[in-house]
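Chemist: Structure for this input, please:
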Amino acid sequence: MRYIRSDGPEEGITAITERLRSELSAGRHVLWLVCGGSNIAAEAAIMQALPAELSENLTVTLTDERYGEPGHKDSNWQQLMEAGFDSKSAKALPVLNGKPLEQTIAEYSASAKELLDKSDFTLALFGIGADGHIAGILPDSPAARESAALAAGYDSPPYTRLTLTFPALERIDAAYAMAFGSSKRAALERLQNENLELAEQPSQLLKRLPEAFLFSDQIGGNS
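Modeler: So this is what the prediction gives:
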């Protein structure tokens, strides 16, 4: 895992854009897993920078979502659309479908399996929470302890969270994470300096992937 000192998201945006462009230019079918929160604006900027003709082999879906009716105000997908995310010719797949929670989880899991199986290359952009969570996997949550299913759902007020699980996320080829601000410092220092169980600090997942890059203004400079 590479830690990259960066004052803001621009360097990460450039790196992800160039990686997507490279993989798509090589004719690969690319799955891009996007997150919510503070990285939504970055994801919209990355998509804007990708040439439309390269987007034909790109599929975009979420690492995690907040359950509810499609388009509800706290939905990660809705916020991504409101930020101006233009999928161009890419296949853009929201998670929410207006169905009951258990059916939504089952379809999310089935979709993840199909997409991961079909893609030639999977790239993810993550944020990291002040508590060390990644995607929708909070420390010691039911999702953090799921060892088989590719998606999980659980109550964590004020949301019911839907998330890909470690068995799904461990299939990522290259992960990029961006986490800025002093509120993230303690979690990032633990990530950099301690080897913890995934259930205790889910962002430790990044150390287990073939490639992982963390852009932050709080730590960096060491590989």
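
Chemist: For the chain, give me the ranges with low pLDDT.
Modeler: Counting by pLDDT under 70, the chain has low-confidence residues at 221-223.

Chemist: Can you show me the helices along it?
Modeler: Under the criterion DSSP state H, helices of the chain are mapped to 10-25, 40-49, 76-82, 101-118, 166-169, 185-193.

Chemist: In TSV, list the ones you listed along with distance to E69 and mean neighbour count.
Modeler: C-betas here are computed from N, CA, C, even on glycine. Formatted as TSV, these follow (distance: least, CB to CB, whole Å; neighbours: other CB atoms under 10 Å):
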stretch	distance to E69	mean neighbour count
helix 10-25	30	18
helix 40-49	20	20
helix 76-82	10	19
helix 101-118	11	16
helix 166-169	24	23
helix 185-193	32	17
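
Chemist: Relative to A199, which of the ones you listed is closest?
Modeler: helix 166-169 (9.2 Å; CB to CB).

Chemist: what's the spacing between that closest one and its chain's center?
Modeler: Helix 166-169 has its average C-alpha position 11 Å from the chain's average C-alpha position, going by CA atoms, centre = their mean, to the nearest Å.

Chemist: just stretch 101-116 next, same as before
Modeler: The answer for stretch 101-116 is 16 Å, by CA atoms, centre = their mean.

Chemist: With only the CA atoms kept, save that stretch in PDB.
Modeler: Extracted C-alpha coordinates of stretch 101-116, given in PDB (Å, rounded to 0.1, in the frame of the first residue of the first chain):
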ATOM      1  CA  LEU A 101     -34.600  -4.700   2.200                       C
ATOM      2  CA  GLU A 102     -33.800  -8.400   2.000                       C
ATOM      3  CA  GLN A 103     -34.600  -8.600  -1.700                       C
ATOM      4  CA  THR A 104     -32.500  -5.500  -2.400                       C
ATOM      5  CA  ILE A 105     -29.600  -7.100  -0.500                       C
ATOM      6  CA  ALA A 106     -30.000 -10.300  -2.500                       C
ATOM      7  CA  GLU A 107     -30.100  -8.500  -5.800                       C
ATOM      8  CA  TYR A 108     -27.100  -6.300  -4.900                       C
ATOM      9  CA  SER A 109     -25.100  -9.400  -4.000                       C
ATOM     10  CA  ALA A 110     -26.100 -11.100  -7.300                       C
ATOM     11  CA  SER A 111     -25.200  -8.100  -9.300                       C
ATOM     12  CA  ALA A 112     -21.800  -7.700  -7.600                       C
ATOM     13  CA  LYS A 113     -21.000 -11.300  -8.500                       C
ATOM     14  CA  GLU A 114     -22.000 -10.900 -12.100                       C
ATOM     15  CA  LEU A 115     -20.000  -7.700 -12.500                       C
ATOM     16  CA  LEU A 116     -16.900  -8.900 -10.700                       C
END
